[in-house]
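**Q** Based on what follows, work out the 3D shape:
(4 chains)
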2 protein chains.
Amino acid sequence: MDRIFLAPSSDEVFDFVSREHRQRMIIVAGMCTVEYRGRAFSFLPLGERLVMVKQDGCVIVHRSRGREPVNWMPPGTRLDYAVDDQLFLVHCEKRSSREKMVMEFVEVNLLASLLLNDSGQQSLVGLESDMVDQIVEQPHVLEDGLRIVRREKQTISGSIDLFAIDRDGVPVVVEVKRNPPGAQAVSQLEAYILDFREKNRRAVVRGILCAPRVPRMVRTLLTDKGFEWREFTPIFEFEDGGQRRLDEFI
Amino acid sequence: MDRIFLAPSSDEVFDFVSREHRQRMIIVAGMCTVEYRGRAFSFLPLGERLVMVKQDGCVIVHRSRGREPVNWMPPGTRLDYAVDDQLFLVHCEKRSSREKMVMEFVEVNLLASLLLNDSGQQSLVGLESDMVDQIVEQPHVLEDGLRIVRREKQTISGSIDLFAIDRDGVPVVVEVKRNPPGAQAVSQLEAYILDFREKNRRAVVRGILCAPRVPRMVRTLLTDKGFEWREFTPIFEFEDGGQRRLDEFI
DNA sequence: GCCTAGGTCCCGTCA
DNA sequence: TGACGGGGCCTAGGC
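**A** Numbering: from 1, shown residues only, chains lettered A, B, ... in the order given. Purely as a prediction, here's the structure:
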């Protein structure tokens, strides 16, 4: 199934990747330089890295530390391999986004190809959309008598998470954040409210920022601007029927 | 240097990783499930994936496509390995952020450890900070007679990229974006300006949004709110003395 | 530790 | 195709 080489020559690497790169994921570990030109410009001097080349054209270069690759190319990248003066060269280019990456391998320590048979779908709960779902189903978690009118309402200044009417018939703009919001969330809410008042002849409208936790500074900012906030920790339903709060540790 | 196994048994995997995981990066490719509980909850059914375990505690799970890992754990994660009923198990936990990931391997196809000797520093230009540098050095790219007073000025609503005075002595708030800005950038600018006017008794103040490209909708929004925009494509200096525009393709 | 803001962000969604 | 906004975002810098 999987094929590997330890310390292959540049020619062996070239033959191997030329044969395999359309059918399998390729892994190359070795001493190389990496240059990138496109959305920015970067150069990485000689060092040992691990490179993954996926069949969708992704190229991912990892160093010994960190979750993030030091260099990469997005899906849809076209690759060219070559050997020049003992060096194994990889030219990566994506014309649509006008970017290029070049790797020069002085030495390859490990070379492998993998056929990853993987069709399952990941289930994932705990996102902002799940939180909004819950508010839509149970608007009383925000306040009694609230009626949700619209979700993802488009405005000139962006989209509003929830648009509602309170028990007194006053319109309410609700901005939902899964993570502790910053000042930007307040600016966003303020822009929506200003636009709404502009369009509706200074109508009375409330603004609510809803998040599991609202930092003190943001509360102050909201209050100063005449807005409100709610702290609300959602409970998520699983496929197996179980429920979990997002802030509990298991 | 590098050590590999093809199709090892669960016990061989266990022995190998137990011995190597403190000194080298470990790569495991095989058929597994992945469960995550922490900032959200996810489950990935059986399938073949490639897993990297780095010495800083990063764990990164890749599928056959996409730049992004399907699952991961951040630096600082503690790992426990076990074999149970023929399955090779990896328990990952990071207590400080209260999150957990569990992988169960039904089969391991490739197992390797790598010693990546890599100390070089990546050079990288073309960031927003480089763009701001250039405006600070040559304010006339925005307009003649502009004097930069402050960079990264903190305000209650966030920080302003540049604070300046124009040729007529009027204060100017400049928001710089490296990528095409959206409505959010306008909201941000508006919030700064409103705060400034609030604090300075309705003083006259100009707001400029500066980016390599400003989308039409954003221009309209800016004009409506009485703000200005500049299109400015920076030219970056390299260590070798060369210069490049960010929008040229090489 | 929290908070802030940028990123070659990536990625899905929708016009 | 581009525009828009969320993400288990990650990461670096301040405090």
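
**Q** so A:Glu35 touches A:Cys92, yeah?
**A** No: A:Glu35 is beyond contact range of A:Cys92, at 10.3 Å (criterion: Cβ atoms under 8 Å). C-beta coordinates here come from the backbone N, C-alpha and C atoms, glycine included.

**Q** Which one of these two is surrounded by more residues?
**A** Legend: neighbour count by other Cβ atoms under 10 Å in any protein chain shown for A:Glu35 and A:Cys92, higher for A:Cys92 (23 against 15).

**Q** Could you give the number of residues near A:Leu6?
**A** Counted with other Cβ under 10 Å, the neighbours of A:Leu6 add up to 14.

**Q** What of the one 5 residues further on?
**A** Counted by other Cβ under 10 Å, the residues lying close to A:Asp11 total 11.

**Q** Next up, the contacts around it.
**A** Neighbouring residues of A:Asp11 by Cβ atoms under 8 Å, 6 or more residues apart in numbering or on different chains: A:Val83.

**Q** Ok, the one 10 residues further on next?
**A** When contacts are counted by Cβ under 8 Å, 6+ apart, A:His21 touches A:53, A:79, A:81.

**Q** Kindly calculate the angle that the lengthiest helix in chain A makes with helix B:183-199.
**A** Secondary structure of chain A per DSSP state H: the longest helix is helix A:183-199. Angle, helix A:183-199 to helix B:183-199, by axes from the mean of the first three to the mean of the last three Cα atoms, to 10 degrees: 90 degrees.

**Q** which of the residues in stretch A:111-128 are buried?
**A** Neighbour-count burial for stretch A:111-128, counted by 16 or more other Cβ atoms under 10 Å in any protein chain shown, picks out A:111-116, A:118, A:125-126.

**Q** give me the number of residues near A:Gln138?
**A** Burial of A:Gln138 is recorded as 10 neighbouring residues (other Cβ under 10 Å).

**Q** What's the local residue count around A:Asp85?
**A** Based on other Cβ under 10 Å, the number of other residues close to A:Asp85 is 7.

**Q** ditto for A:His91
**A** 13.

**Q** and the nearest residue to it once chain neighbours are set aside, what element?
**A** In space, not counting the residues next to it along the chain, A:His91 is nearest to A:Asp80; the distance is 4.2 Å by Cβ to Cβ, 6 or more residues apart in numbering or on different chains. Per DSSP states H and E: A:Asp80 is located in strand A:78-84.

**Q** That strand - contacts with which helices or strands?
**A** When contacts are defined as 3 or more Cβ pairs under 8 Å, 6 or more residues apart in numbering or on different chains; DSSP states H and E, strand A:78-84 sits against helix A:10-20, strand A:87-94.

**Q** Which strands or helices does the helix or strand that the last one is followed by pack on?
**A** Which is strand A:87-94. Scanning the chain past strand A:87-94 towards its C-terminal end, the next helix or strand to appear is strand A:99-114 (assignment: DSSP H and E). Contacts defined by 3+ Cβ pairs under 8 Å, 6+ apart place strand A:99-114 against strand A:3-6, helix A:10-20, strand A:25-37, strand A:41-53, strand A:71-73, strand A:87-94, strand B:99-114.

**Q** May I see these organised as JSON lines, with distance to B:Phe196 and mean pLDDT added?
**A** Compiled in JSON lines, the helices and strands packed on strand A:99-114 are given as follows (distance: least, Cβ to Cβ, whole Å; pLDDT from 0 to 100):
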{"stretch": "strand A:3-6", "distance to B:Phe196": "62", "mean pLDDT": "87"}
{"stretch": "helix A:10-20", "distance to B:Phe196": "57", "mean pLDDT": "95"}
{"stretch": "strand A:25-37", "distance to B:Phe196": "39", "mean pLDDT": "98"}
{"stretch": "strand A:41-53", "distance to B:Phe196": "36", "mean pLDDT": "97"}
{"stretch": "strand A:71-73", "distance to B:Phe196": "40", "mean pLDDT": "98"}
{"stretch": "strand A:87-94", "distance to B:Phe196": "42", "mean pLDDT": "98"}
{"stretch": "strand B:99-114", "distance to B:Phe196": "41", "mean pLDDT": "97"}
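
**Q** Reformat the ones you listed as TSV; add distance to A:Val174.
**A** As requested, these are exported to TSV (distance: least, Cβ to Cβ, whole Å):
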stretch	distance to A:Val174
strand A:3-6	55
helix A:10-20	52
strand A:25-37	42
strand A:41-53	42
strand A:71-73	37
strand A:87-94	40
strand B:99-114	28
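
**Q** For DNA strand D, which of the ones you listed is the nearest?
**A** Counting by Cβ to the nearest atom of the strand, DNA strand D lies closest to strand B:99-114 out of these; the figure is 5.0 Å.

**Q** For chain A, which residues are neighbours of DNA strand C?
**A** For chain A, the contact set with DNA strand C under Cβ under 7 Å from any atom of the strand comprises A:36, A:38-40, A:42, A:70-75, A:99, A:101, A:180, A:182-184, A:215-218.

**Q** Filter those down to just the buried residues.
**A** Among the residues of chain A next to DNA strand C, those classed as buried by neighbour count (16+ other Cβ under 10 Å) are A:36, A:38, A:42, A:70-74, A:99, A:101, A:183-184, A:218.

**Q** Please enumerate residues in contact with the strand holding A:Asp80?
**A** Counting by Cβ under 8 Å, 6+ apart, the neighbours of strand A:78-84 from elsewhere in the structure are A:10-11, A:13-14, A:17-18, A:21, A:53, A:57, A:59, A:88-95.

**Q** can I see the domain layout of chain A?
**A** For chain A, automatic domain parsing gives the domain ranges A:3-114, A:128-245.

**Q** Of those, flag the one that's most buried.
**A** Looking across these with neighbours counted as mean count of other Cβ atoms under 10 Å in any protein chain shown, the highest average goes to domain A:3-114: a mean of 18.

**Q** The buried residues of stretch A:111-128 into a markdown table, with extra columns for distance to B:Glu190?
**A** Output for these, formatted as a markdown table (distance: Cβ to Cβ, whole Å):
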| residue | distance to B:Glu190 |
| --- | --- |
| A:Leu111 | 55 |
| A:Ala112 | 53 |
| A:Ser113 | 53 |
| A:Leu114 | 51 |
| A:Leu115 | 53 |
| A:Leu116 | 48 |
| A:Asp118 | 46 |
| A:Val125 | 35 |
| A:Gly126 | 32 |
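
**Q** residues contacting A:Glu20?
**A** So A:Glu20 contacts A:3, A:26, A:113 (Cβ under 8 Å, 6+ apart).

**Q** Can you give me the distance of the first one to A:Ala112?
**A** Distance check for A:Arg3 against A:Ala112: by Cβ to Cβ, to the nearest Å, it reads 7 Å.

**Q** remind me which residues of chain A are low pLDDT?
**A** A:1-2, A:202, A:239-241, A:246, A:248-250 (pLDDT under 70).

**Q** Which residues of chain A lie near DNA strand D?
**A** Proximity of chain A to DNA strand D, by Cβ under 7 Å from any atom of the strand, involves residues A:66-68, A:96, A:124, A:126-129, A:158-159, A:161, A:178-179.

**Q** which residue lies farthest from the center of chain A?
**A** No residue in chain A has its C-alpha farther from the mean C-alpha position than A:Asp85, which lies at 40.1 Å (Cα atoms, centre = their mean).

**Q** quick one: it from DNA strand D, how far?
**A** Shown here: A:Asp85 relative to DNA strand D, a distance of 34 Å by Cβ to the nearest atom of the strand, to the nearest Å.
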